[in-house]
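Enquirer: Sequence below, structure please.
(one chain, ligands or ions: 1)
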Amino acid sequence: MSPNEPANPLGDLLRESRRFPPPESFAARAHVRDRTVWPEGEEARLAWWAARARELRWTKPFGRILDWDPPFAQWFADGELNASVQCLDRHLGTPRAHKAALVFEGEPGDRRTLTYAQLHREVCRAANVLRALGVGRGDRVAIYMPLVPEAVVAMLACARIGAVHTVVFGGFSAKSLADRIVDAEARVVVTADGGWRRGHDVPLKEAADEACALASSHGVEVARMLVVRRTGRACPMQEGRDAWWHDAVAAASPDCEAASLPAEHPLFILYTSGTTGKPKGILHTTGGYMTGVAATARMVFDLKDEDVYWCTADIGWVTGHSYVVYGPLANGATVFVYEGAPDFPAKDRFWSLIAEHRVTIFYTAPTAIRAFMRWGDDLPARHDLSSLRLLGSVGEPINPEAWMWYRRVIGGDRCPVVDTWWQTETGAILISPVPGVTVTKPGSATQALPGIVAAVLDDAGRPVERGSGILAILRPWPSMLRTIWKDPERYRQVYWSRFGPSVYFPGDGAKRDEDGDFWLLGRIDDVLNPAGHRIGTAEVESALVSHPRVAEAAVVGRPHEIKGDAIAAFVLLRGGPPPADAGERARLADALRDHVGDEIGKIARPDDVHFCADLPKTRSGKIMRRLLRDIASGRALGDTTTLADPAVVDALRRQYAAAED
Ligand code: PRX
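Expert: Numbers count the residues shown, from 1 in each chain. Next up, the predicted model:
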């Protein structure tokens with residue numbers, strides 16, 4: 001096991017013996033009812049994926065299935081299609097045309113419904129606007145938006161004309177947005193005046209303006225900005241660059257022929273954290289990605305025409321891309337979209353939304369589930385949740401207690417729970433129960449989906465049939481990332497070097513039990529998952545050291561009851577020791593937290609800031625992260641014999657204990 005083996009966040013998993021077979025009534029109606037759909041052997045596997053791909057609409061059918069030059073894959077490479085056609089045009093001319101595609105509720109309670117026909121028209125109009133702004137095939141467009149229907153429209157409009165979207169989560173700072181604009185060389189930005197979050201109007205346009213100025217100082221000029229009016233806050237428009245979305249879109253034609261694009265045409269870049277300070281631009285392409293998300297949305301969520309499906313993710317994350325937008329819309333589902341937070345104006349907002357909109361499928365993150373648990377059973381009990389038929393979880397390991405609570409209190413003991421494991425890089429769910437087939441266990445993502453070959457390996461790359469090790473994916477799959485934007489060497493090195501160039505290394509620890517089921521244990525690298533959001537410790541460290549008072553910083557995770565990971569920062573100050581006065585120390589700690597918030601975004605603010613006289617390092621000068629993790633979480637200290645100065649650790653430990661008092 002790697003030196004970064006995580007503390008098992010799930011307790012003693014191999015003792016978990018509760019089993020939940022699919023309810024008969026569910027299984028009887030499910031799209032997938034038996035295990036015969038799992039193809040066996042490489043030939044059958046490729047044929048199975050080709051059959052899934054042929055369920056899409058191709059303008060030019062493909063002949064080739066997979067070209068695999070490890071670690072570079074091309075899927076269906078001689079075919080042509082368009083992602084927006086899968087989500088829109090395919091449903092027109094069928095009864096789905098006039099069913100709701102998006103049902104939106106804003107935080108203030110405003111509602112809008114767009115049928116597939118209406119969504120199609122809006123997307124066509126927006127696509128024409130983008131074209132008129134000079135956006136062409138392969139050009140990058142940054143989308144920095146609240147979770148409103150226009151965000152979905154903007155993504156699909158890019159896809160329609162072959163532009164590449166890069167959605168940046170609205171909670172990220174102006175600087176983070178600028179970094180992404182620069183790396184992607186995006187010349188067009190779509191944003192909004194603001195977005196509602198817990199009653200506050202978050203100033204997005206202001207941040208976008210700042211980001212454009214920063215990008216310009218790095219040589220990337222944003223030529224055009226489209227601004228959606230959401231909150232009505234005043235925002236200055238820059239002459240010649242900025243235009244209101246509603247003016248431009250209303251004036252555009254609702255007809256726009258979709259570009260016929262090669263299957264490997266880039267669909268989007270989504271930045272995600274890795275082990276260095278620089279986020280990676282994960283590149284997904286059209287044919288394989290659409291095949292993966294369409295097939296998995298159907299299998300895992302069992303989407304039917306009458307469902308109202310709600311995935312609570314923001315479109316700024318991959319879950320929003322694959323399971324708010326592309327996967328469910330490709331299946332003609334009705335997708336419920338909610339702008340706000342779960343606890344505003346009250347902690348039962350989600351339950352009232354489920355009751356009012358008769359949501360049937362609900363997909364959220366363990367952090368949210370643990371918060372709901374803490375808020376108490378009486379909040380969901382006040383609402384009629386009987387419309388629900390399936391529950392999903394994603395983003396972090398879910399502890400059995402939270403899984404059981406979710407199933408019992410939200411699912412009324414009748415809804416299957418699917419714990420879905422995947423990543424930004426995998427594009428689509430790879431390991432998950434299939435709800436009409438799989439016997440579920442609280443805390444286990446169970447089995448690889450059809451067409452996926454997953455394993456747990458030991459340090460030497462040998463399969464672990466039972467026990468813990470490192471998760472690996474042994475064969476390429478259609479929705480896999482194709483590269484890191486502008487950095488194929490980093491792609492090879494990060495994902496395809498641990499076990500050789502044809503085995504994908506996701507960076508997660510995992511266990512297999514006696515049935516061969518997978519239990520995901522969290523990251524084994526220096527990536528944290530606070531509240532299901534991915535943050536690299538190196539990113540937080542470089543934000544900290546950019547503060548004038550910080551000489552050196554080391555950031556680690558510690559277990560947190562609700563968020564999964566909390567962020568703990570160990571900071572060595574410059575310009576004198578930390579203030580002796582506790583109040584002043586706390587103010588300095590807050591100033592450092594705010595600084596990280598400004599540099600990256602609020603989600604990266606450290607929970608704990610420990611000032612220290614020195615950082616524990618090995619004789620070769622490497623920061624002893626495992627030791628810091630132990631200290632931060634109050635666990636026993638590890639072996640200190642390699643420390644340059646063991647007294648440092650004692651000092652840290654005493655300090656930590658004092659802070660906990
Ligand atoms: O550590 C795993 C964790 O989230 C990481 C991927 O993060 P991101 O790319 O932001 O995508 C999150 C949404 C797909 C993984 O490496 N993770 C995701 N799902 C699970 C999980 N850990 C345990 N169980 C899961 N179901």
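Enquirer: any idea how far the closest residue to the ligand within the stretch 351-500 of the chain is from residue 250?
Expert: Closest to the ligand within the stretch 351-500 of the chain is residue 424: 3.4 Å, counting by C-beta to the nearest ligand atom. In short, each C-beta sits where N, CA and C put it, glycine included. Residue 424 sits 35 Å away from residue 250, going by C-beta to C-beta, to the nearest Å.
Enquirer: which one of the two has more residues nearby?
Expert: Each of residue 424 and residue 250 has its neighbours counted (other C-beta atoms under 10 Å); residue 424 has more, 19 against 10.
Enquirer: Give me the neighbour count for the closest residue in space to residue 505 that isn't next to it in sequence.
Expert: Leaving out its chain neighbours, the residue that sits closest to residue 505 by C-beta to C-beta, 6 or more residues apart in numbering is residue 498, at 3.9 Å. By the criterion of other C-beta under 10 Å, residue 498 has 18 neighbours.
Enquirer: do the same with residue 635
Expert: Counted with other C-beta under 10 Å, residues neighbouring residue 635 total 14.
Enquirer: Quick check: the gap between it and residue 212.
Expert: 46 Å.
Enquirer: quick one: the residue of the stretch 351-500 of the chain closest to the ligand and residue 282 touch, right?
Expert: Yes - with contact defined as C-beta atoms under 8 Å, residue 424 counts as touching residue 282 (5.1 Å).
Enquirer: Flag every residue of the protein that's near the ligand.
Expert: Counting by C-beta under 6 Å from any ligand atom, the positions of the chain adjacent to the ligand are 272, 318-319, 394-397, 419-424, 445, 506-508, 520, 522-523, 529, 534.
Enquirer: Please indicate which of these are buried?
Expert: Among the residues of the chain next to the ligand, those scoring as buried are 272, 318-319, 394-397, 419-424, 445, 506-508, 520, 522-523, 529, 534 (criterion: 16 or more other C-beta atoms under 10 Å).
Enquirer: what's the nearest residue to residue 345 if we skip its chain neighbours?
Expert: Nearest non-adjacent residue to residue 345 (C-beta to C-beta, 6+ apart): residue 199, at 7.3 Å.
Enquirer: which residues sit in contact with the one you found?
Expert: Residue 199 makes contact with 107, 344, 345, according to C-beta atoms under 8 Å, 6 or more residues apart in numbering.
Enquirer: Taking the stretch 101-250 of the chain, what residue is nearest to the ligand?
Expert: The nearest approach of the stretch 101-250 of the chain to the ligand comes at residue 169, 10.6 Å away (C-beta to the nearest ligand atom).
Enquirer: Shouldn't that residue be within a strand?
Expert: No - checked against DSSP: H, G, I helix; E, B strand; the rest coil, residue 169 lies outside a strand; its state is coil.
Enquirer: Low-confidence ranges, the protein, go.
Expert: Confidence mapping of the chain against pLDDT under 70 gives the ranges 1-15, 636-646, 653-661.
Enquirer: what about 50?
Expert: 1-9, 660-661 (pLDDT under 50).
Enquirer: so how far is residue 526 from residue 566?
Expert: For residue 566, the distance to residue 526 - C-beta to C-beta - is 15 Å.
Enquirer: ditto for residue 165
Expert: Residue 165 is 29 Å from residue 526, by C-beta to C-beta.
Enquirer: Narrow the buried ones among the residues of the chain next to the ligand to those in strands?
Expert: Taking DSSP state E, the ones among those that sit in strands are 272, 394, 419, 420, 508, 520, 522, 523.
Enquirer: Nearest residue to the second one in space, please, no chain neighbours.
Expert: Nearest non-adjacent residue to residue 394, counting by C-beta to C-beta, 6+ apart: residue 420, 4.9 Å away.
Enquirer: Indicate each strand paired with the strand or helix carrying residue 553 and its parallel or antiparallel sense.
Expert: Using DSSP states H and E, residue 553 maps to strand 550-560. For strand 550-560, the paired strands and their directions (DSSP bridges) read strand 564-573 (antiparallel).
Enquirer: May I have the strand it pairs with as CSV, with CA atoms only?
Expert: What follows is strand 564-573, C-alpha atoms only, in CSV (Å, rounded to 0.1, in the frame of the first residue of the first chain):
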residue,chain,number,x,y,z
GLY,A,564,-15.6,13.6,4.9
ASP,A,565,-12.3,15.5,4.7
ALA,A,566,-11.5,18.7,6.6
ILE,A,567,-8.5,20.8,5.4
ALA,A,568,-5.8,21.3,8.0
ALA,A,569,-3.0,23.8,7.3
PHE,A,570,0.4,23.9,9.1
VAL,A,571,1.9,27.3,8.6
LEU,A,572,5.4,28.6,9.2
LEU,A,573,5.2,32.4,9.3
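Enquirer: those strands in the stretch 251-400 of the chain, which residues are they?
Expert: 261-262, 266-272, 280-285, 308-311, 334-338, 361-364, 390-394 (DSSP state E, counting those that start in this stretch).
Enquirer: how about a markdown table for these, with distance to residue 112 added?
Expert: Below are the strands of the stretch 251-400 of the chain laid out as a markdown table (distance: least, C-beta to C-beta, whole Å):
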| stretch | distance to residue 112 |
| --- | --- |
| strand 261-262 | 30 |
| strand 266-272 | 24 |
| strand 280-285 | 28 |
| strand 308-311 | 15 |
| strand 334-338 | 9 |
| strand 361-364 | 21 |
| strand 390-394 | 25 |
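Enquirer: Ok, which of these comes nearest residue 618?
Expert: Closest to residue 618 of those, according to C-beta to C-beta: strand 280-285, at 27.3 Å.
Enquirer: Let me know the angle separating that closest one from strand 266-272.
Expert: Interaxial angle, strand 280-285 versus strand 266-272 (axes from the mean of the first three to the mean of the last three C-alpha atoms, to 10 degrees): 160 degrees.
Enquirer: How far off centre is strand 280-285?
Expert: From the chain centre to the centre of strand 280-285 is a distance of 13 Å (C-alpha atoms, centre = their mean, to the nearest Å).
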